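Colleague: fold the following, please.
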Amino acid sequence: MCQLTAQEHQKDPQNEFSDVLENYKRICYNVENAKAKYRSSDENIQIMAVTKTVAPEKINFAISQGITLLGENRVQEYLSKKDQYDKTAQVHMIGRLQTNKVKYIINEVSMIQSVDSIKLAKEINRLAVKNDRTMDVLIEINIGDEASKSGIAASGLDELIDEVAQLDNVRIKGLMAIPPIGCGEDVFDKMHSIFLRVKERSVPGVSMDILSMGMSGDYELAIKHGSGLVRIGTALFGARNYLEG
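Modeller: Okay, here's the model as predicted:
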């Protein structure tokens, strides 16, 4: 949901982050427009700010303007910046996560969106038990069957869900996917159909509350096809600096 602050109409030309506010207003308009065209008025579309390579000061400005959810791609980068973040925003891990890195974020994030194996889920569960907490997760699907991307193949989804559902301290809250760049609507439609099918299975302990799909270049299309959480980086913060690796 877009939550522009009271300063939404006050663009300060002296503020170095004024472009972030203008971008956020544009994104909010597009999200609300897509929702009006394709979804019901009572549905909530969450906007996640993807923070890869973005300076904490810029991230905090976005939070001050209404952003309430941050998406982190890399554990090491997150750990180097987290203490500088405004703590009013929740943080999700959205990048590929190695099992040996789970221990660093188990008490830092409110959700892990990139679970794609029972091995990873078991490690999350082990550390969640150890830290007396329950971790919400999304199961990531490699919807485009791309070798360069993480995520489980759609054909293995049901088996993975059934296995993860047996873990006491991990809760499946939905699905996540990164459709191939420039793909057709059929891929988004396929992902939504998978989401609905899993929801209809009504697996005990599994709630299909969230379909996380859509990024800067395709979030309106994702909303059309059922996404309730869009992950936006470049369209909000501008082009990234990849010199850091």
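
Colleague: ranges for the strands of the protein?
Modeller: Ranges of strands within the chain are 46-50, 69-72, 90-93, 111-115, 135-141, 170-177, 206-212, 229-232, based on DSSP state E.

Colleague: what angle separates the fifth one from strand 170-177?
Modeller: Between strand 135-141 and strand 170-177, the angle formed by their directions is 30 degrees, by axes from the mean of the first three to the mean of the last three CA atoms, to 10 degrees.

Colleague: residues making contact with strand 135-141?
Modeller: Residues outside strand 135-141 that contact it (CB atoms under 8 Å, 6 or more residues apart in numbering) are 106, 110-116, 121, 124-125, 128, 150-154, 157, 160-161, 164, 169-177, 191, 194, 210, 212. Glycine gets a C-beta too; all of them are placed from N, C-alpha and C.

Colleague: can I get the buried part of the residues you listed as one PyMOL selection?
Modeller: Buried members of the contacts of strand 135-141, defined by 16 or more other CB atoms under 10 Å, are picked up in PyMOL with:
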select buried, resi 106+111+112+113+114+115+116+121+124+125+128+150+151+152+154+157+160+161+164+169+170+171+172+173+174+175+176+177+191+194+210+212
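
Colleague: before we move on, back to that, among the strands of the chain, which is nearest residue 240?
Modeller: strand 46-50 (9.3 Å; CB to CB).

Colleague: ok, the closest one: who's next to it in the sheet?
Modeller: The strands that strand 46-50 pairs with in its sheet are strand 69-72 (parallel), strand 229-232 (parallel) (by DSSP bridges).

Colleague: figure out how far it is from the centre of its chain.
Modeller: Here strand 46-50 shows a centroid-to-chain-centroid distance of 7 Å under the convention CA atoms, centre = their mean, to the nearest Å.

Colleague: need the contact partners of it.
Modeller: 1-2, 27-28, 31, 59, 62-63, 67, 69-71, 73, 89, 92, 94, 212, 215, 228-233, 236-237.

Colleague: for that strand, list the C-alpha coordinates in CSV.
Modeller: These are the backbone C-alpha positions of strand 46-50, laid out as CSV (Å, rounded to 0.1, in the frame of the first residue of the first chain):
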residue,chain,number,x,y,z
GLN,A,46,2.7,-3.8,-0.9
ILE,A,47,5.6,-1.8,-2.3
MET,A,48,9.0,-3.1,-1.3
ALA,A,49,12.1,-0.8,-1.7
VAL,A,50,15.0,-3.0,-3.0
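
Colleague: quick one: work out the angle between that strand and strand 111-115.
Modeller: 80 degrees.

Colleague: avg pLDDT for strand 46-50?
Modeller: For strand 46-50, mean pLDDT rounds to 98.

Colleague: can we start the residue count at 13 from this point?
Modeller: I'll keep to 13 as the first residue from here, and by that count the last item is strand 58-62.

Colleague: and stretch 51-71, what's buried?
Modeller: Within stretch 51-71, the residues that count as buried by 16+ other CB under 10 Å are 51, 57-66, 70-71.
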